[in-house]
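Q: Need the 3D shape of this:
(one chain, ligands or ions: 1)
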Amino acid sequence: MTEYILYNAPQSTCSQRVRFVLNAKNIAFEEHILDLFSGEQLRPEYLAINPNGVVPALIHHGHTILDSSVIIEYLDEVANEVVCFTPPTPEKRALMRWMMRYVDEIPAPAIRVPSYNLAFLPHFQKMSQEDFLALANSKPLRKEFLLTMGRTGFPQKEMDQALDKLNRTVVRMNEWITQNKGPWIMGNDLSLVDIAVMPVIVRMADINLDSSWSDKPLISAWLENIQAHPVFKKTYYPGSLLTEKYPHLAFLRDKIQL
Ligand SMILES: N[C@@H](CCC(=O)N[C@@H](CS)C(=O)NCC(=O)O)C(=O)O
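A: Here you go, the predicted model:
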């Protein structure tokens, strides 16, 4: 049996965190790509692995590890020979985990709103209302999210709130980098919190929300640094960016009010 098996999706921001850590640690893994639009994550065989019906899921030596933040912490614990992304002292570890909770609480859910409104909505608009409701009701974790979006998209108020959360994250990240003297969030070393927030910042740049940090050179430098990391390209393999599948998104800059 392969030591590591990853169930994930190329454009899934949560999956990108896990792929980055696996690649950085030089861990070979069997990759299973799920088509989230055809509902492969909701099939009984996958729900038996992850009852929440979301990716990623990691299987290591037959043990199932769920939730991207939990998975990257797990990987840093069991495979820390090549590189370690967790600080050495309990105080710093607590600080990193607190920052990771912020990322999971504020920007990780917020980035889904523009992603769905701008890119994924047409997939749902093609469905009949009946099929859409049946799909929404079958989602263990995202039922309310999908029902709020409906087949017309999130209302402007939801979009504004999400963009506000993303902007506040950029401000917070800038403070963290400044306080810790950069170039990474916790200072000199790349840590799990950088990897946790990476997909949000990369997605924002991808869908033209990078004006959020036009006055924050530390964030631009942080993004350049992560993009220059040796495993960035391997993690964001072709098809991982939204603009690769939805080229019209590259031209939306003027339509989104920040
Ligand atoms: N907290 C979970 C969230 C996982 C999650 O929301 N995954 C998304 C992709 S990033 C998904 O599988 N969505 C499928 C769906 O909404 O049906 C984690 O970090 O692993």
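
Q: What is the burial count for L22?
A: Around L22 sit 24 other residues, with neighbours defined as other Cβ atoms under 10 Å. Placement of C-beta: from N, CA and C, glycine included.

Q: Can you tell me, leaving aside adjacent residues, what's nearest to it?
A: Leaving aside its chain neighbours, L22 sits nearest to F29 (5.4 Å; criterion: Cβ to Cβ, 6 or more residues apart in numbering).

Q: Now for that neighbour, how many residues are close by?
A: Counted with other Cβ under 10 Å, the neighbours of F29 add up to 18.

Q: again, but for A196
A: Neighbourhood size, A196 [other Cβ under 10 Å]: 29.

Q: The ligand versus that one, what's the distance?
A: Here the distance between A196 and the ligand works out to 9 Å (Cβ to the nearest ligand atom, to the nearest Å).

Q: Would you double-check that that residue falls in a helix?
A: Yes - going by DSSP: H, G, I helix; E, B strand; the rest coil, the assignment for A196 places it inside a helix.

Q: List the neighbours of the longest helix seen in the chain that are in contact with it.
A: For the chain, the helix reaching the highest residue count under DSSP state H is reported as helix 156-179. Taking Cβ atoms under 8 Å, 6 or more residues apart in numbering as the criterion, the residues outside helix 156-179 that touch it are 99, 102-103, 106-107, 109-114, 117, 148, 154, 183-186, 197, 200-201, 204, 209, 212-213, 216, 218-219, 222, 256-258.

Q: Would you list the buried entries among the residues you listed?
A: Neighbour-count burial within the contacts of helix 156-179 applies to 99, 102-103, 106-107, 110-114, 117, 154, 183-186, 197, 200-201, 204, 209, 212-213, 216, 218-219, 222; the criterion is 16 or more other Cβ atoms under 10 Å.

Q: Identify the residue spatially nearest to L141, adjacent ones excluded.
A: In space, not counting the residues next to it along the chain, L141 is nearest to N52; the distance is 4.6 Å by Cβ to Cβ, 6+ apart.

Q: From the buried ones among the contacts of helix 156-179, which land in helices?
A: By the criterion of DSSP H, membership of the buried ones among the contacts of helix 156-179 in helices covers 99, 102-103, 107, 110, 112-114, 197, 200-201, 204, 218-219, 222.
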